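J.: Next one to model:
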Amino acid sequence: ILKHAAAYFPNLHSLSLSGLGDLSKDAMQGLEALKGLEHLSLRFDKDVMNPFQGENGSLPASIFAMTQLKSLTLETKGICSIQPAISTMKNLEELKLESMTNMASLPLMIVQLRNLTKLSLKGSKGLFGAANSSRTGGTIEPGTERMFWMIRSLPRLKQLNLDGCGIKEEIFKEVRNKWE
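T.: The predicted structure is shown next:
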């Protein structure tokens with residue numbers, strides 16, 4: 001049905017799909033054809049390790065072609081990376097990248113999402129995990145400092161959810177002290 005979504009639902013404004021297995025390229029192209037779509041939520045089953053067929057742990061390019069989106073929610077542990085092309089999604093106001101335990105970093109280009117007001121990285125332990133488990137000499141690991149710098153560089157950000165990321169309180173204190 002997703003392959004022909006634009007024909008079936010030409011005026012669709014919001015789409016939320018949960019309990020997904022995997023999505024084919026045809027299904028993603030069908031979603032891309034929904035030109036009026038502003039809110040997209042894709043929540044995959046916990047056991048799905050390759051949610052987008054043939055993409056090998058990456059998001060398909062068709063996601064980034066959906067530049068009209070104002071909110072994007074992706075919940076899956078099967079994504080290992082987000083491509084810099086996310087910067088083309090200039091209308092994004094809300095971005096939820098949740099339960100992405102295999103993702104080790106976000107692209108620096110995320111700072112170009114100037115309209116972003118809400119960011120959730122809930123349960124994405126890989127983004128901050130190394131900093132909490134391998135701290136040496138009381139210093140902040142470069143990856144963690146980079147993450148906080150990127151988050152801080154989002155000029156309109158008003159809500160940030162880092163629940164379940166495993167960030168220890170002393171990391172927040174060290175980052176705050178360093179920037180003050």
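
J.: what's the residue closest to the geometric middle of the chain?
T.: Geometric centre of the chain, nearest residue: residue 97, 3.1 Å, by C-alpha atoms, centre = their mean.

J.: how close does that one sit to residue 1?
T.: Taking C-beta to C-beta, to the nearest Å as the measure, residue 97 falls 26 Å from residue 1. Quick note: C-beta positions are derived from backbone N, CA and C, even for glycine.

J.: go on, residue 42?
T.: Distance, residue 42 to residue 1, using C-beta to C-beta: 15 Å.

J.: Looking at the two, which is more packed in?
T.: residue 42 (20 against 8; other C-beta atoms under 10 Å).

J.: Was I right to think the more buried one contacts residue 20?
T.: Yes: in terms of C-beta atoms under 8 Å, residue 42 counts as a neighbour of residue 20; the distance is 6.3 Å.

J.: Which neighbours do the two have in common?
T.: residue 51 (C-beta atoms under 8 Å, 6 or more residues apart in numbering).

J.: Setting aside sequence neighbours, what's the nearest residue to residue 39?
T.: Nearest in space to residue 39, with sequence neighbours left out and distances taken as C-beta to C-beta, 6 or more residues apart in numbering, is residue 14 at 3.9 Å.

J.: That neighbour: what's it in contact with?
T.: Neighbouring residues of residue 14 by C-beta under 8 Å, 6+ apart: 37, 38, 39, 40.

J.: again, but for residue 32
T.: 62, 65, 66.

J.: Swap in 10 Å and give it another go.
T.: Applying C-beta atoms under 10 Å, 6 or more residues apart in numbering, we find residue 32 in contact with 5, 6, 60, 61, 62, 63, 64, 65, 66.

J.: Let's have those residues in CSV, adding neighbour count.
T.: What follows is these, written out as CSV (neighbours: other C-beta atoms under 10 Å):
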residue, neighbour count
5, 19
6, 18
60, 21
61, 13
62, 18
63, 23
64, 18
65, 17
66, 21
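
J.: Let's have these in JSON lines, adding pLDDT and secondary structure.
T.: What follows is those, written out as JSON lines (pLDDT from 0 to 100; DSSP: H, G, I helix; E, B strand; the rest coil):
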{"residue": "5", "pLDDT": "84", "secondary structure": "helix"}
{"residue": "6", "pLDDT": "84", "secondary structure": "helix"}
{"residue": "60", "pLDDT": "82", "secondary structure": "coil"}
{"residue": "61", "pLDDT": "82", "secondary structure": "helix"}
{"residue": "62", "pLDDT": "84", "secondary structure": "helix"}
{"residue": "63", "pLDDT": "87", "secondary structure": "helix"}
{"residue": "64", "pLDDT": "89", "secondary structure": "helix"}
{"residue": "65", "pLDDT": "89", "secondary structure": "coil"}
{"residue": "66", "pLDDT": "91", "secondary structure": "coil"}
